[in-house]
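Enquirer: can't give you the sequence, but here's the structure:
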């Protein structure tokens, strides 16, 4: 073999070794270890404790697994992290995921092709919260008020904008404040906003925190407005928040929800997708212990509201 050909073959061999090294991690092994990063949400929300419990389940049930959950800016940030490969799994809203895979709304001309569904989890409820002392009784009363609508570009902020639009209210009609769950709760307690919006499984920690110190009121989404929203945005569902969900507020509230779901990049292979689905849905008691929304997560409901193609392994598990 001439030296030039030998050098060429050696270079190809080295490139293959480097490629193999880069591929370990997402469904690949590194000395028998599988590394998975799970993107969740802010520490005051629901994704964070659920994602932490999922990491513990995967580490316990899947041989060689090294999964870790991290606090993030929630759905939109998580989808972008999946897109660039910095995380492998993420908890996201089904509506924003629908926008991402179809290249609409905040993902206009930024279509995301590399994500697959693992399972839908539980309803994430749209909640407009105000202090009882504000005198605000309806969403239509928010005109001219300071309203925390969620972090700029977040899934919650998209929900707030769509619900306000159903009432004929645009951001021009309110003093809009782009604040996260935790910031909105703080601002409401301090009197810096008149109402705060969030999308999260109820009861939500930040709302419980407000209600422990102040008498609160949740604003309903009227049935006709909910119907109009569902007709325009089919990922919404009607939801009733039971009376007494939050301390001192004993009225049932009609509102709407989207679904929280677990998604993965397409680098998570079908075998690992199956193992992830099986581990999580065989340990639902751990999710229930992590947060009260855990009781709403069921194997029977795991494909309800699925807004993108599924990982074939996860789909196989739910169809068994």
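Expert: Yep, it's here. What you see is a predicted model, and the numbers here were worked out from it, not measured in a lab.
Enquirer: separation between the closest residue to residue 121 other than its chain neighbours and residue 200?
Expert: Nearest residue to residue 121 in three dimensions, chain neighbours excluded: residue 260, at 4.5 Å (C-beta to C-beta, 6 or more residues apart in numbering). (Glycine included, C-beta is placed from N, CA and C.) In this structure, residue 260 lies at 9 Å from residue 200, with C-beta to C-beta, to the nearest Å as the measure.
Enquirer: what's the overlap in contacts for these two?
Expert: 46, 124 (C-beta atoms under 8 Å, 6 or more residues apart in numbering).
Enquirer: Break down this structure into its strands, ranges please.
Expert: 34-39, 65-70, 89-93, 115-131, 146-148, 175-177, 195-200, 216-219, 237-241, 253-265 (DSSP state E).
Enquirer: Could you dump those strands into TSV with distance to residue 184, mean pLDDT and mean neighbour count added?
Expert: Putting these into TSV (distance: least, C-beta to C-beta, whole Å; pLDDT from 0 to 100; neighbours: other C-beta atoms under 10 Å) gives the following:
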stretch	distance to residue 184	mean pLDDT	mean neighbour count
strand 34-39	21	95	22
strand 65-70	22	97	19
strand 89-93	17	96	30
strand 115-131	8	95	25
strand 146-148	3	98	24
strand 175-177	7	98	17
strand 195-200	3	92	28
strand 216-219	13	98	22
strand 237-241	18	89	17
strand 253-265	17	96	25
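Enquirer: out of the ones you listed, which comes closest to residue 139?
Expert: Distances from residue 139 to each of those were compared by C-beta to C-beta, and the smallest falls on strand 216-219, at 5.2 Å.
Enquirer: partner strands of that closest one, parallel or antiparallel?
Expert: Using DSSP bridges, strand 216-219 pairs in its sheet with strand 115-131 (antiparallel).
Enquirer: isn't the residue nearest to residue 121 right next to residue 47, touching?
Expert: Yes - with the criterion set as C-beta atoms under 8 Å, residue 260 and residue 47 qualify as a contacting pair; they are 7.1 Å apart.
Enquirer: and for those two, which residues touch both?
Expert: Overlap of the contact sets of residue 260 and residue 47 (by C-beta under 8 Å, 6+ apart) consists of residue 91.
Enquirer: what bridges to the residue nearest to residue 121?
Expert: When bridges are called by DSSP bridges, residue 260 pairs up with residue 93, residue 122.
Enquirer: ok, now which ones touch it?
Expert: When contacts are counted by C-beta under 8 Å, 6+ apart, residue 260 touches 46-47, 50, 91-94, 120-124, 201, 293.
Enquirer: Point to the residue nearest the middle of this structure.
Expert: If you average the C-alpha coordinates of the chain and look for the closest C-alpha using C-alpha atoms, centre = their mean, you land on residue 92, 2.6 Å from that point.
Enquirer: how about that one, what does it touch?
Expert: Applying C-beta under 8 Å, 6+ apart, the residues contacting residue 92 are 74-75, 78-79, 155, 260-263.
Enquirer: ok, 6 Å please
Expert: Neighbouring residues of residue 92 by C-beta atoms under 6 Å, 6 or more residues apart in numbering: 75, 78, 261, 263.
Enquirer: Looking at those residues, which is nearest residue 186?
Expert: Proximity of these to residue 186, judged by C-beta to C-beta, is greatest for residue 75, which lies at 21.5 Å.
Enquirer: Tell me how many other residues surround the residue lying closest to the closest one once chain neighbours are set aside.
Expert: Nearest-residue entry for residue 75: residue 155, 3.7 Å, with adjacent residues in sequence omitted and distances by C-beta to C-beta, 6+ apart. Residue neighbour count, defined by other C-beta atoms under 10 Å, stands at 29 for residue 155.
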